[in-house]
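Colleague: Sequence and computational prediction follow.
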Amino acid sequence: MKKLFSAGFVGVVAITLTATATASGPKWQEMGDAGSGPGGAQITIGNGTLGFINGGLGMSALFGGMVDFEDMFLINIVNPTIFRATTDPLDGELGNAFADFNTQLWLFQPMMGAPLDALGIVGNDDHPVTFSQFSLLLPDPTDGFKGGGVVTPGLYYIAITRFDNDPVSMSGEIFDQVLPTEISGPDGLGGGDPISGWTGDEGTFKGAYRIALQGVEFAEIPAPGALSLLALASFTMRRRRRR
């Protein structure tokens with residue numbers, strides 16, 4: 001079942017944190033619940049290198065059955081040639097990654113002039129080297145997709161889901177993962193359009209994760225009381241929908 005998301009306000013909550021809250025090291029700790037789409041993506045705030053993103057997914061009947069099957073974060077890829085993101089603790093280049101569940105990782109790029117619309121770049125289910133249930137993202141697809149990958153430095157959205165919960169656009173699934181170990185380009189029927197939701201997930205589970213990153217910095221330098229353009233756009237969209 002396709003599950004659509006709506007623009008949220010999670011990024012603005014994160015943007016109000018002080019520099020002290022993010023200065024404990026090159027990691028970002030999920031604050032509350034990171035949203036499932038660009039409008040609610042959590043903006044990573046800090047100085048310099050971003051080495052890890054820590055968070056958790058799950059579903060709890062204690063909160064009216066609220067679902068948290070996707071987390072999305074805004075990051076700054078400063079060196080596309082060495083970009084790497086993994087949840088695999090046995091990854092050969094990055095250590096200290098982990099997850100309590102079968103992960104999938106996805107990367108999206110904001111569209112020019114429309115930062116809350118994002119196109120799929122690469123996605124992966126199972127690590128192509130260790131063949132584990134954990135995931136790996138590299139700059140380029142390995143499935144033969146041409147004209148994609150992480151080409152330019154800049155802001156990107158990275159998302160994590162459990163296995164079999166895939167991103168979709170209004171035209172269909174964004175990635176066509178023929179093999180679970182491929183790093184897929186946006187070769188699905190909906191690959192040419194921005195993400196609008198997810199295929200959905202079922203069941204009750206709870207799992208923590210740590211995404212290890214390379215070639216990445218925080219998306220925004222701490223500026224207490226200041227809103228980024230992305231956060232302001234998210235806030236504006238939410239107000240319009242309330243009218």
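Modeller: Received the coordinates, thanks.
Colleague: what bits of this structure have low per-residue confidence?
Modeller: Applying pLDDT under 70 to the chain picks out residues 1-25, 59-67, 201-204, 223-243.
Colleague: for it, what's the longest strand?
Modeller: With secondary structure taken from DSSP state E, the chain has its longest strand at strand 114-124.
Colleague: how much space between L136 and A219?
Modeller: To A219, L136 is 21 Å away according to CB to CB, to the nearest Å. Bear in mind the C-beta positions are built from the backbone N, C-alpha and C, glycine included.
Colleague: Check Q29 too.
Modeller: Between Q29 and A219 the distance, using CB to CB, works out to 15 Å.
Colleague: Repeat that for G144.
Modeller: 31 Å.
Colleague: got it, and M31?
Modeller: 14 Å.
Colleague: In terms of neighbours, single out the busier of those two.
Modeller: Neighbour count, other CB atoms under 10 Å: between M31 and A219, A219 has more, with 27 against 17.
Colleague: Isn't that one up against L74?
Modeller: Yes - when contacts are counted by CB atoms under 8 Å, A219 is listed as touching L74 (4.3 Å).
Colleague: anything in contact with each of those two?
Modeller: Counting by CB atoms under 8 Å, 6 or more residues apart in numbering, the residues touching both A219 and L74 are I43, T44, L155.
Colleague: in the helix or strand harbouring the last one, what counts as buried?
Modeller: The one in question is L155. Assigned by DSSP states H and E, L155 belongs to strand 154-162. Buried residues in strand 154-162, counting neighbours by 16 or more other CB atoms under 10 Å, are found at L155, Y156, Y157, I158, A159, I160, T161, R162.
Colleague: What is the burial count for G149?
Modeller: A count of neighbours around G149, defined by other CB under 10 Å, yields 17.
Colleague: Now do the strand holding L155 against strand 114-124, angle only.
Modeller: Counting by axes from the mean of the first three to the mean of the last three CA atoms, to 10 degrees, strand 154-162 lies at 50 degrees to strand 114-124.
Colleague: Neighbours of D88, how many?
Modeller: By other CB under 10 Å, 23 other residues sit near D88.
Colleague: for it, what are its contacts?
Modeller: A97, H127, T130, S132, F134, S135, L136.
Colleague: quick one: what helix or strand has the closest residue to it other than its chain neighbours in it?
Modeller: With CB to CB, 6 or more residues apart in numbering as the criterion, D88 has its nearest non-adjacent residue at 3.6 Å, and that residue is F134. According to DSSP H and E, F134 maps onto no helix or strand at all.
Colleague: Please determine how far F134 is located from I174.
Modeller: In terms of CB to CB, F134 sits 21 Å off from I174.
Colleague: out of the two, which sits in the busier spot?
Modeller: Taking neighbours as other CB under 10 Å, F134 and I174 compare with I174 leading, 28 against 25.
Colleague: thought the more buried one was touching W198?
Modeller: No - if you go by CB under 8 Å, I174 and W198 don't touch, sitting 10.1 Å apart.
Colleague: Between those two, which contacts overlap?
Modeller: Shared contacts of I174 and W198 (CB under 8 Å, 6+ apart): D166, P167, V168.
Colleague: Most neighbours among these, which one?
Modeller: Of all those, the highest neighbour tally under other CB under 10 Å goes to P167, namely 29 neighbours.
Colleague: Which residues are in contact with the nearest residue to D117 once chain neighbours are set aside?
Modeller: Excluding the flanking residues, the one nearest D117 by CB to CB, 6+ apart is P194, at 3.9 Å. P194 sits next to P38, M111, A114, D117, A118, L119, S169 when contact means CB under 8 Å, 6+ apart.
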